[in-house]
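> Below are the sequence and a predicted model for it; my questions follow.
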Amino acid sequence: MRRVLLLWPLLCLAGLGGAARAAGFSLAPTVLEIDPDRRMTVETRLTNIENAPLTFTVEVMRWENVNGQDVYTPTRDVLVNPARFTLAPLGKQVIRVGLQKRVGAAELTYRVFLRQQPSGAGAAPQPAAPSSTPADGSAANIQTLLNISLPVYAAPASAAPKLVYTPAVKGTDLELGIQNAGNRHFTFRQLSIVSDTGQTFTLASKAVLPGSAVTLTLPGFAGAKLLRMTTYDPQGKELYDELRLP
């Protein structure tokens, strides 16, 4: 008897702005921005680049950052259509997201989760623990299922991020606290931090939500007096800043 072991790796597309392409699919855009002064809906397009059908369920969750950790909670603020669909081989599907809540001065943040379902299955089973050989000695097929996460932001044009940096030495390391005191998120994309003492720290992507804070641990940066920080905006323009340390 052959068993299928299902793996759900999460593809979190927080830092990508335009399109994403991976085995089996392409997706564009990957960051959903709602301008409440113009319209309360936004959409993305998923394309099947394989010669086999792909079935997905779609769910939207409220996204917050609490004590440096991402927290997701069910919400009725946002409607998504369709909530379940099957992509034909080489087919395309438009996914529409509509905000039902009034936007105030501060940005609202959500995430859309697209979860691929096992082929030929009705209800999605719970993920099984990875195992190369089942206990009974029977053979197993491992099926990797896509679990895609897209950020959704809704903010007035006047909203803006305001980053406040708080460094603290911990042994040979430097802990860099980053608080967003503004009312719009800021995403570090391909962040590079170089110290005046020669240490380098890189981070692919990190969103700092309004009113939240994150801490970056910079190994070996304890003796630094200057940090040179480089990141990129959604259009790929380089952003540069310097932070002088006490």
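Good, I have the coordinates. Numbers count the residues shown, from 1 in each chain.
> then the helix or strand containing R189 to CSV, C-alphas only?
If you go by DSSP states H and E, R189 is part of strand 186-195. C-alpha atoms of strand 186-195 as CSV (Å, rounded to 0.1, in the frame of the first residue of the first chain):
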residue,chain,number,x,y,z
PHE,A,186,6.9,50.0,6.4
THR,A,187,8.4,47.0,4.6
PHE,A,188,12.2,46.4,4.6
ARG,A,189,13.0,44.7,1.3
GLN,A,190,16.4,43.1,0.8
LEU,A,191,17.6,44.9,3.9
SER,A,192,21.4,45.3,4.3
ILE,A,193,23.0,46.7,7.5
VAL,A,194,26.7,47.3,7.4
SER,A,195,28.6,48.6,10.5
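> Report all helices and strands that it contacts.
strand 200-208, strand 213-218, strand 226-232 (3 or more CB pairs under 8 Å, 6 or more residues apart in numbering; DSSP states H and E). Yep, even glycine has a C-beta here, placed from its N, CA and C like the rest.
> can you do 7 Å?
strand 200-208, strand 226-232 (3 or more CB pairs under 7 Å, 6 or more residues apart in numbering; DSSP states H and E).
> Just give the strands next to that strand in its sheet, each with its orientation.
Sheet partners assigned to strand 186-195 using DSSP bridges are listed as strand 200-208 (antiparallel), strand 226-232 (antiparallel).
> Could you give me the buried positions within the first one?
Buried residues in strand 200-208, defined by neighbour count with 16 or more other CB atoms under 10 Å: F201, K206, A207, V208.
> between the residues you listed, which is nearest R39?
Nearest to R39, judged by CB to CB, of the buried residues of strand 200-208 is A207 at 22.8 Å.
> Run through the bridge partners of the closest one.
Counting by DSSP bridges, the residues bridging with A207 are T187.
> quick one on the thing from earlier: quick one: the strands paired with strand 186-195 as a markdown table, columns for mean pLDDT and distance to E59 too.
A markdown table is the format used below for those (pLDDT from 0 to 100; distance: least, CB to CB, whole Å):
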| stretch | mean pLDDT | distance to E59 |
| --- | --- | --- |
| strand 200-208 | 94 | 19 |
| strand 226-232 | 97 | 29 |
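> Now those in TSV, please, with extra columns for distance to D35.
Formatted as TSV, the strands paired with strand 186-195 follow (distance: least, CB to CB, whole Å):
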stretch	distance to D35
strand 200-208	18
strand 226-232	22
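> roughly how far is stretch 62-82 from the heart of the chain?
12 Å (CA atoms, centre = their mean, to the nearest Å).
> May I ask which helix or strand of the protein has the lowest mean pLDDT?
strand 2-7 (a mean of 40; mean pLDDT, DSSP states H and E).
> Quick one: mean pLDDT over the strand holding R189.
Averaging pLDDT along strand 186-195 yields 96.
> what ranges do the helices span in this protein?
Read by DSSP state H, the chain holds no helices at all.
> for it, which strand is longest?
For the chain, the longest strand by residue count, based on DSSP state E, is strand 54-66.
> Right, I'll leave it there.
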